[in-house]
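Visitor: here's my sequence, what's the structure:
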Amino acid sequence: MKKTRDRILRAASEIFAEQGFRRTTVRQICMKAGANLASVNYHFRSKAGLYRAVWERASEQADILYPIDGGVPPKASAEERLRGNISALIKRMTDRERLGYFHQIRMMELTNPTGLLDEALSRSLQKKRKYTLGILRDLLGPGAADEVLELCHMSIISQCLMAKATRKKRNSRFRRHWQFTRVKVDRLTDHIIEFCLAGIREVRKTL
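Guide: Numbering: from 1, shown residues only. Modelled structure (predicted):
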């Protein structure tokens, strides 16, 4: 039974990521997985249930590979915790090899939302937001207004989002400079970390 469930999840991950929820049929998934139609209802109750299970699996893999703290212990300095946080975000955004389905499904939900993942996406976003804001509070001190924290958070996250890996199109010059090799990812991560820390130090002077 577990093998059948895993085959369905693998097949569904690939097809949902390629075609999106609406264009994908349960029959397509079952044909690819070598399973009968009743298996989806048995294991996931519905196509929507399967879609949520696919996202949960992809999201869990992302969290295992790149935990929000970047492996930095909670008792480390705020600077080190921010380094770990930013490093995890950048590596997560640029890993298309292991997190391809995660990124494709997430982007489809942003551009053509089904509403089926709203709760899960919101919960994940709030968890990451709370963690980063906590670090910023430590860096800026208790006198920093919430608006200042939010602006600093926006500045950090926007840089991480700009590091998003894209599939290079034929004859396209887009992102030619940043081919996301391990060396380039590490270099970009170091730059964003140092840039953010320098900015935070300047902001703190104004408080």
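Visitor: switch to C-alpha atoms for all contacts and neighbour counts from now on
Guide: Noted.
Visitor: from residue 198, how far off is the closest residue to residue 13 other than its chain neighbours?
Guide: The shortest distance from residue 13 to any non-neighbouring residue, by CA to CA, 6 or more residues apart in numbering, is to residue 54 (5.8 Å). According to CA to CA, to the nearest Å, residue 54 and residue 198 sit 40 Å apart.
Visitor: follow-up on the earlier one: can you classify the residue nearest to residue 13 by secondary structure?
Guide: Following DSSP: H, G, I helix; E, B strand; the rest coil, residue 54 is assigned to helix.
Visitor: got a pLDDT number for it?
Guide: Note on residue 54: pLDDT of 98.
Visitor: roughly how far does it sit from residue 60?
Guide: 10 Å.
Visitor: higher neighbour count, those two?
Guide: Set residue 54 next to residue 60 and count neighbours by other CA atoms under 10 Å: residue 54 wins out with 24 against 14.
Visitor: right, and the more buried one touches residue 7 too?
Guide: No: taking contacts as CA atoms under 8 Å, residue 54 lies outside contact range of residue 7: 11.5 Å.
Visitor: so residue 193 sits against residue 84, correct?
Guide: No: contact criterion CA under 8 Å: residue 193 and residue 84 do not qualify, at 9.2 Å.
Visitor: re the thing from before, contacts only, for the residue nearest to residue 13.
Guide: Residue 54 is in contact with 9, 12, 13, counting by CA atoms under 8 Å, 6 or more residues apart in numbering.
Visitor: the second one against residue 31, yeah?
Guide: Okay, so that is residue 12. No: if you go by CA under 8 Å, residue 12 and residue 31 don't touch, sitting 10.4 Å apart.
Visitor: over to residue 144. Which of the three states is it?
Guide: Following three-state DSSP, residue 144 is assigned to coil.
Visitor: tell me how far residue 162 lies from residue 207.
Guide: Here residue 162 is placed at a distance of 28 Å from residue 207 (CA to CA).
Visitor: also residue 91?
Guide: For residue 91 relative to residue 207 (CA to CA), the value is 32 Å.
Visitor: who's more crowded, the two?
Guide: Of the pair residue 91 and residue 207, residue 91 is the one with more neighbours under other CA under 10 Å, namely 23 against 11.
Visitor: can you name the next helix or strand after the helix or strand hosting residue 28?
Guide: Here residue 28 is covered by helix 26-33, with elements defined by DSSP states H and E. Per DSSP H and E, the first helix or strand lying C-terminal to helix 26-33 is helix 37-44.
Visitor: in that next one, what's buried?
Guide: Buried residues in helix 37-44, counted by 16 or more other CA atoms under 10 Å: 39, 40, 43, 44.
Visitor: what's the spacing between the closest residue to residue 136 other than its chain neighbours and residue 130?
Guide: Closest residue in space to residue 136, ignoring its immediate chain neighbours: residue 149 at 6.5 Å, by CA to CA, 6+ apart. With distances taken as CA to CA, residue 149 is found 11 Å from residue 130.
Visitor: kind regards, and thank you for your time.
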